[in-house]
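J.: got a sequence here, can you model it:
(2 chains)
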There are 2 protein chains.
Amino acid sequence: MIVNAEKSVNPESDLLALREALHQRLDQLLPVVDEQDRVSAAMRAGTLAPGRRIRPLLLLLAAHDLGCDRHHPGLLDFACAIEMIHAASLMLDDIPCMDNALLRRGRPTIHRQFGQHVTILAAVALLSNAFGLVASARDLPTGCRAQAVAELSGAVGLQGLVQGQFQDLSEGHAPRSSEDIARTNDLKTSMLFDAALQMAALAAGASPEVRQKLRCFAQDLGQAFQLLDDLADSHASTGKDANQDEGKSTLVALLGAEAVQQRLRSHLHSADQHVTLACRHGAATRHFMHSWFESQLAAFG
Amino acid sequence: MIVNAEKSVNPESDLLALREALHQRLDQLLPVVDEQDRVSAAMRAGTLAPGRRIRPLLLLLAAHDLGCDRHHPGLLDFACAIEMIHAASLMLDDIPCMDNALLRRGRPTIHRQFGQHVTILAAVALLSNAFGLVASARDLPTGCRAQAVAELSGAVGLQGLVQGQFQDLSEGHAPRSSEDIARTNDLKTSMLFDAALQMAALAAGASPEVRQKLRCFAQDLGQAFQLLDDLADSHASTGKDANQDEGKSTLVALLGAEAVQQRLRSHLHSADQHVTLACRHGAATRHFMHSWFESQLAAFG
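T.: Numbering: from 1, shown residues only, chains lettered A, B, ... in the order given. You can find the predicted model right below:
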């Protein structure tokens, strides 16, 4: 276990510093080797564009709350790997044969900048880089790194992001029950949240009980997150195509915005309980979660 | 190091048994969970279709020649991971925005059977599965598994298959020097051969000197293999689209078939020297290489 030297956290300046550390490390891991290399340029564009960095922040904050030093270089590598996987999944989700999206993070989607074949190759390279980075994360035991690769693999594959995207594409426009929608949201969002948290737990040497509580936390957080995303969809300020969900069977379409807000708050409450039980060395993760959701929900009025 | 209990090999029946073991394990790793699941069906179709299994066989045979038991379950997992990566790369190479191929292994390409979005998702799931499988390969030390993930990651990413495919797409139809073609062939073929051999070496606990010789072997073997592929392209019996290379700047187009055959034999000679120096516990790898190339070259007359 990596020992946490400092416990007190100033939330705002601290998040800024962590985001900056993530950006610098990603920039270092995805160097500009050759200006002509379109694939590496697409990898950089997809990963370094200004993003919220929710998943890697979650990893770093949870590691802190579990007793690790957030600035441990191996944890930063784990966090960057999570962000690369996330970036790759967004790049692929956006291509014409998937969601055919035009905008992402307020910019033209990667395939509109670089073409479809470059985007697919860049996504594959990011995925592959991410696994390599986890396997060789600095100053962490080999057992921790090998287990972290296995966790990440589970979150990406047929029981994770891939299945979520497939369900969304094949069933998203047909009538679905709220259980079906929740299941797809779980695959699309909770699984990668969970992998990030499990990787933090592995670095911290957490017990199976703590890891189980983090799984429950990830499920609630992922559901809340996806509900927020659905609520946000009708607002043009997301940096993505507005009304991308039009005609799609989301919970907002099924239950209405108010009921979705209630459901979201219920997931946040449950998430809070799980993370509080799991984390004995700090409360940075729950503070981050609450302030994030409050600021987002306030924006919808 | 895993100790090799039996040294003598009956080449033909032995290869059949290894191919069967690979097929059975791949079948087990890619189960039919739900008949409706198109993504897992595409993963199975891309991986289990009759193939030559050159890369995983190379891994198992080299491990034997380095002193391992070829039937060690962890080695079989490593070998299956290599085949999944290879299958994923073929599926992606064939899609319309890449090579737009119609046939592979004598069957309609995966995107023609399952659609482009399913093919891309299946390839991502295969890649991700492969890394997870290596990270949790049975009965191998964690350090060996973590290093093997890193080796595999290097072979897939921007310095490997991805870059090879990108160069082939962007420069394949322009005039290229024989050095440029050899460089692309190295990325497209030698890198994954090398990863397979390095994973065998890691399982065998081979020295850095042996691993370096295996790298040289992989380079020569990859070049020879790609030259054979170019020579085979004008023959309709490959199970792939005939004349796929028409108009492409290959070494056959640049130097003529006879010079290419000479170059191929020179690479084989060099490969033989490297593998002989690397492997002190058997000669199964070089026997396999020679019999494979002789049978293929004989078919061209």
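
J.: and the helix or strand where residue A:77 lies, what other elements does it pack with?
T.: Residue A:77 belongs to helix A:73-94 when assigned by DSSP states H and E. In terms of contacts (3 or more CB pairs under 8 Å, 6 or more residues apart in numbering or on different chains; DSSP states H and E), helix A:73-94 is packed against helix A:11-29, helix A:38-48, helix A:54-65, helix A:110-114, helix A:116-135, helix A:142-156, helix A:161-171, helix A:191-204. For glycine as for every other residue, the C-beta is placed from the backbone atoms N, C-alpha and C.

J.: same list, those, but as JSON lines with distance to chain B please.
T.: Formatted as JSON lines, those follow (distance: least, CB to the nearest CB, whole Å):
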{"stretch": "helix A:11-29", "distance to chain B": "11"}
{"stretch": "helix A:38-48", "distance to chain B": "5"}
{"stretch": "helix A:54-65", "distance to chain B": "16"}
{"stretch": "helix A:110-114", "distance to chain B": "9"}
{"stretch": "helix A:116-135", "distance to chain B": "3"}
{"stretch": "helix A:142-156", "distance to chain B": "3"}
{"stretch": "helix A:161-171", "distance to chain B": "4"}
{"stretch": "helix A:191-204", "distance to chain B": "11"}
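
J.: now distance to residue B:293 too, for those helices, in TSV please.
T.: Formatted as TSV, these follow (distance: least, CB to CB, whole Å):
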stretch	distance to residue B:293
helix A:11-29	39
helix A:38-48	32
helix A:54-65	48
helix A:110-114	39
helix A:116-135	30
helix A:142-156	35
helix A:161-171	38
helix A:191-204	43
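
J.: as a markdown table, these with mean pLDDT, distance to residue B:85 and mean neighbour count would be great.
T.: Output for these, formatted as a markdown table (pLDDT from 0 to 100; distance: least, CB to CB, whole Å; neighbours: other CB atoms under 10 Å in any protein chain shown):
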| stretch | mean pLDDT | distance to residue B:85 | mean neighbour count |
| --- | --- | --- | --- |
| helix A:11-29 | 93 | 21 | 15 |
| helix A:38-48 | 96 | 18 | 23 |
| helix A:54-65 | 97 | 25 | 27 |
| helix A:110-114 | 96 | 23 | 22 |
| helix A:116-135 | 98 | 9 | 27 |
| helix A:142-156 | 98 | 13 | 24 |
| helix A:161-171 | 92 | 16 | 21 |
| helix A:191-204 | 98 | 21 | 27 |
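
J.: closest one to residue B:211 among the ones you listed?
T.: Closest approach to residue B:211 among the helices and strands packed on helix A:73-94 is made by helix A:116-135 (17.0 Å; CB to CB).

J.: give me the mean pLDDT for the lengthiest helix in chain A.
T.: For chain A, the longest helix by residue count, based on DSSP state H, is helix A:208-232. The average pLDDT within helix A:208-232 is 96.

J.: how far off centre is that helix?
T.: How far helix A:208-232 lies from its chain's middle: 11 Å, per CA atoms, centre = their mean, to the nearest Å.

J.: now stretch A:40-57
T.: Counting by CA atoms, centre = their mean, stretch A:40-57 is centred 11 Å from the centre of its parent chain.

J.: CA atoms of it as CSV?
T.: Only the C-alpha atoms of stretch A:40-57 are listed here, as CSV (Å, rounded to 0.1, in the frame of the first residue of the first chain):
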residue,chain,number,x,y,z
SER,A,40,-0.9,10.3,-33.3
ALA,A,41,-2.5,13.8,-34.0
ALA,A,42,-5.9,12.2,-33.7
MET,A,43,-5.0,10.4,-30.5
ARG,A,44,-3.9,13.7,-29.0
ALA,A,45,-6.9,15.6,-30.3
GLY,A,46,-9.3,13.0,-28.8
THR,A,47,-7.5,12.8,-25.5
LEU,A,48,-6.2,16.3,-24.8
ALA,A,49,-9.2,18.3,-25.8
PRO,A,50,-10.6,20.1,-22.7
GLY,A,51,-12.7,17.5,-20.8
ARG,A,52,-14.1,17.1,-17.4
ARG,A,53,-11.7,14.3,-16.5
ILE,A,54,-14.3,12.8,-14.2
ARG,A,55,-13.1,9.2,-14.4
PRO,A,56,-9.4,9.8,-13.8
LEU,A,57,-10.2,12.3,-11.0
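
J.: a strand runs through residue A:175, doesn't it?
T.: No. In this structure, residue A:175 is coil, not part of a strand, as judged by DSSP: H, G, I helix; E, B strand; the rest coil.

J.: buried ones in the longest helix of chain A?
T.: A:210-211, A:213-232 (16 or more other CB atoms under 10 Å in any protein chain shown).

J.: which helices and strands sit right next to the helix or strand just after that helix?
T.: Of the helices and strands lying after helix A:208-232 in sequence (DSSP H and E), the nearest is helix A:251-255. Helix A:251-255 sits against helix A:178-185, helix A:208-232, helix A:257-278, with contacts defined as 3+ CB pairs under 8 Å, 6+ apart.

J.: can you list the buried residues in helix A:251-255?
T.: Neighbour-count burial for helix A:251-255, counted by 16+ other CB under 10 Å, picks out A:251, A:252, A:253, A:255.

J.: hmm, the first one is touching residue A:261, no?
T.: Think residue A:251. No. Using CB atoms under 8 Å, residue A:251 is not in contact with residue A:261; the gap is 10.7 Å.

J.: need the overlap of contacts for these two.
T.: Counting by CB atoms under 8 Å, 6 or more residues apart in numbering or on different chains, the shared contacts of residue A:251 and residue A:261 are residue A:227.

J.: helix/strand/coil for the residue of chain A most remote from its centre?
T.: Computed with CA atoms, centre = their mean, the residue of chain A farthest from its C-alpha average is residue A:36, at 30.2 Å. Using three-state DSSP, the structure places residue A:36 in coil.

J.: and the gap between it and residue A:23?
T.: Applying CB to CB, to the nearest Å, one obtains 24 Å for the distance of residue A:36 from residue A:23.

J.: ditto for residue A:292
T.: Using CB to CB, we find residue A:292 at a distance of 18 Å from residue A:23.

J.: and residue A:294, by the same measure?
T.: Per CB to CB, residue A:294 is found 25 Å from residue A:23.

J.: ok, residue A:282 next?
T.: Counting by CB to CB, the gap from residue A:282 to residue A:23 is 23 Å.

J.: just the pLDDT for residue A:70.
T.: Predicted confidence (pLDDT) for residue A:70: 80.

J.: that one belongs to a strand?
T.: No. Under three-state DSSP, residue A:70 falls outside any strand and is assigned coil.

J.: show the contacting residues for it.
T.: Applying CB under 8 Å, 6+ apart to residue A:70 gives the contacts A:4, A:18, A:60, A:61, A:63, A:64.

J.: closest to residue B:287 out of the residues you listed?
T.: Closest to residue B:287, out of all of these and judged by CB to CB, is residue A:63, at 50.8 Å.
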